[in-house]
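Enquirer: using only what follows, build the 3D model:
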Amino acid sequence: MYFRQAQAALPYQDRSEMATSIPTIPSDNELDWESHRQRFPILKNKTYLNSCAYGALATDVITALHQYIDDRLVKGTDWDYWVKQNETVRSAVANLLGAKDDEIAVTTSASAGINSVASALDFASEDNRNKVVISDFEFPTNAQIWYAQERRGAKVKRVAEKDGYIPIEHFADAIDEQTKIVAVTQVCFRNGARLDIPAIAEIAKQKGALMLVDGYQGLGTVQFDVNEVKPDFVVGGMVKYLLGTAGIGFLYAREGLIEKLTPTVTGWFAQRDIFAMNTKSYDPSPSARRFEMGTPPIPNCYAAAAGLKVLDSTGLPAIERRIGELGNAIIQEAERAGYTLATPKQSGRRAALITLRTHDEQQLVGRLDAAGIVTSCRFNNIRIAPHFYNNLNDIDTLFRELSRHKHLLT
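Expert: Have a look, this model is predicted:
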């Protein structure tokens with residue numbers, strides 16, 4: 001295959017080593033979190049707590065983007081190395097999820113991955129499975145795409161939340177023998193609630209339904225191994241906790257399922273041989289590449305590979321513990337101040353995103369921004385989203401400023 005050949009014939013050996021070398025992951029005791037902060041220049045000027053919207057920009061990612069420009073200026077065209085960058089992202093995502101490289105499609109967004117999967121499903125098949133189960137916690141993308149399938153015969157079933165969470169019993173009631181696919185978020189973008197994805201996946205499996213996980217708000221903050229969770233699909237993107245940039249995402253597709261599905265949303269990079277330039281037939285790749293589309297977002301591949309390398313060198317177990325400590329501090333400070341949490345307090349029901357109820361979300365976010373504190377808001381909640389590069393001083397700074405505007409909080 002062209003991709004494998006490209007990996008073996010790169011013109012710039014020094015850059016190849018930079019992109020693919022595997023760093024040694026230090027133990028928790030060896031990690032110097034303050035030195036990690038130095039990789040994120042914005043932290044010198046801002047208290048940045050908005051990783052749920054856009055991860056802070058690392059010097060590693062800045063260097064990678066400059067490298068792309070330098071490469072263009074030196075050679076003009078370098079398809080072999082560009083393809084190698086795409087493959088580097090594929091391998092890094094596979095490593096993140098505990099998957100195989102051939103189970104990963106590099107996409108331009110989570111939307112692209114979900115659309116490709118949806119296009120491959122038959123909602124008028126003889127097995128009478130036409131139900132799509134989603135939840136009240138979905139990001140608009142995951143809801144809108146499945147509602148769009150109603151014109152193709154799908155019937156969307158929405159699982160309701162209760163008191164800011166969705167009990168597993170609600171999913172058990174909704175998933176049945178008519179369910180084609182269960183497509184749910186790992187972490188709710190509105191309030192930070194984290195669903196019990198392994199339990200939902202088990203229910204879907206018992207009922208013979210497929211399972212798609214939207215991991216955009218969780219991956220990069222919690223450990224997630226597809227071999228343990230056993231989903232059929234996982235989508236995500238690089239713009240938030242994965243430290244890359246916008247315009248690039250991924251789709252994991254379970255190996256045994258790939259060749260059973262033929263997407264009708266496609267493009268030349270989804271073909272078995274992308275350089276055959278075949279205009280007479282459709283011959284999709286036997287790997288997850290069949291869920292890809294057109295030319296990869298090459299500059300974004302440089303950024304994504306660098307961001308994922310930062311996470312890998314730090315280690316997700318340590319990152320998850322660090323974020324847990326920061327989340328606990330946020331919750332403790334909020335309770336001490338008498339603010340209302342919109343995020344569940346239990347550690348197993350939340351990830352990095354912590355939310356507080358507010359009377360005027362836009363005004364509060366604006367006032368914090370004026371004080372150099374970057375947050376965001378959704379649905380009357382202020383969103384506080386630390387990553388491993390934050391520290392307790394950031395939390396103290398936030399709550400000192402919140403105390404000045406407590407009339408905007410419930």
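Enquirer: where in this structure is pLDDT low?
Expert: Under the criterion pLDDT under 70, the flagged ranges of the chain are 1-30.
Enquirer: residues touching Asn130, list them.
Expert: Asn130 sits next to Phe123, Ala124, Gly153, Ala154, Lys155, Gln178, Lys180 when contact means C-beta atoms under 8 Å, 6 or more residues apart in numbering. In short, each C-beta sits where N, CA and C put it, glycine included.
Enquirer: just give the nearest non-adjacent residue to it, would you?
Expert: Once flanking residues are discounted, Asn130 sits nearest to Phe123: 4.4 Å by C-beta to C-beta, 6 or more residues apart in numbering.
Enquirer: out of the contacts of Asn130, who has the most neighbours?
Expert: Comparing the contacts of Asn130 by number of neighbours (other C-beta atoms under 10 Å), Lys180 comes first, having 23 neighbours.
Enquirer: would that residue count as being in a strand?
Expert: Yes. Under DSSP: H, G, I helix; E, B strand; the rest coil, Lys180 sits within a strand.
Enquirer: next, the residue of the chain most remote from its centre: phi, psi?
Expert: Distance from the C-alpha centroid of the chain, by C-alpha atoms, centre = their mean, peaks at Lys280 (36.0 Å). When read as degrees, to the nearest 10, the backbone of Lys280 gives phi -110, psi -10.
Enquirer: any idea how far Asp273 is from it?
Expert: 13 Å (C-beta to C-beta, to the nearest Å).
Enquirer: what number of residues lie near the residue lying closest to Asp78 once chain neighbours are set aside?
Expert: Nearest non-adjacent residue to Asp78, counting by C-beta to C-beta, 6+ apart: Asp71, 5.9 Å away. The number of residues packed around Asp71, counting by other C-beta under 10 Å, is 19.
Enquirer: list the buried ones in the helix or strand where Asp71 lies?
Expert: Element membership for Asp71 (DSSP states H and E) is helix 59-75. The neighbour-count check on helix 59-75 (16 or more other C-beta atoms under 10 Å) flags Asp60, Val61, Ala64, Leu65, Gln67, Tyr68, Asp71 as buried.
Enquirer: give me the domain ranges for this structure.
Expert: 82-312, 316-408 (automatic domain parsing).
Enquirer: out of those domains, which comes closest to Leu43?
Expert: domain 316-408 (6.5 Å; C-beta to C-beta).
Enquirer: how far is the closest one from where the chain is centred?
Expert: Counting by C-alpha atoms, centre = their mean, to the nearest Å, domain 316-408 is centred 20 Å from the centre of its parent chain.
Enquirer: what's the first helix or strand after the helix holding Asp71?
Expert: Next element after helix 59-75 (DSSP H and E): helix 79-97.
Enquirer: next SSE downstream of that next one?
Expert: As assigned by DSSP H and E, the chain's next helix or strand after helix 79-97 is strand 104-107.
Enquirer: partner strands of that following strand and their direction?
Expert: strand 249-253 (antiparallel) (DSSP bridges).
Enquirer: send the alpha carbons of the partner strand over as CSV?
Expert: Extracted in CSV, the C-alpha atoms of strand 249-253 (Å, rounded to 0.1, in the frame of the first residue of the first chain):
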residue,chain,number,x,y,z
GLY,A,249,-10.6,14.6,13.9
PHE,A,250,-10.7,10.8,13.9
LEU,A,251,-12.9,7.8,13.8
TYR,A,252,-12.2,4.5,15.4
ALA,A,253,-14.0,1.5,13.7
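Enquirer: could you list the buried residues of the very next helix or strand once past that strand?
Expert: Remark: after strand 249-253, the chain's next helix or strand is helix 255-258, criterion DSSP H and E. If you call a residue buried by 16+ other C-beta under 10 Å, then helix 255-258 has these buried ones: Ile258.
Enquirer: show me what helix 255-258 is packed up against.
Expert: Using 3 or more C-beta pairs under 8 Å, 6 or more residues apart in numbering; DSSP states H and E, no helix or strand is in contact with helix 255-258.
Enquirer: now secondary structure too, for the contacts of Asn130, in TSV please.
Expert: Below are those laid out as TSV (three-state DSSP):
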residue	secondary structure
Phe123	coil
Ala124	coil
Gly153	coil
Ala154	coil
Lys155	strand
Gln178	coil
Lys180	strand
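Enquirer: distance to Ala110 added to these, as JSON lines?
Expert: Listed next are the contacts of Asn130 as JSON lines, based on distance: C-beta to C-beta, whole Å:
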{"residue": "Phe123", "distance to Ala110": "21"}
{"residue": "Ala124", "distance to Ala110": "26"}
{"residue": "Gly153", "distance to Ala110": "24"}
{"residue": "Ala154", "distance to Ala110": "19"}
{"residue": "Lys155", "distance to Ala110": "23"}
{"residue": "Gln178", "distance to Ala110": "26"}
{"residue": "Lys180", "distance to Ala110": "20"}
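Enquirer: show me which pair in the residues you listed is furthest apart.
Expert: Farthest pair in the contacts of Asn130, by C-beta to C-beta: Ala124 and Gln178, 12.8 Å.
Enquirer: what does the helix holding Asp71 rub up against?
Expert: 11-12, 15, 39-41, 78, 81, 243-245, 298-299, 302-303, 305-307, 309-310.
Enquirer: among those residues, name the ones in helices.
Expert: Arg15, Tyr81, Ile298, Pro299, Tyr302, Ala303, Ala305, Ala306, Gly307, Lys309, Val310 (DSSP state H).
Enquirer: alright, calling it a day.
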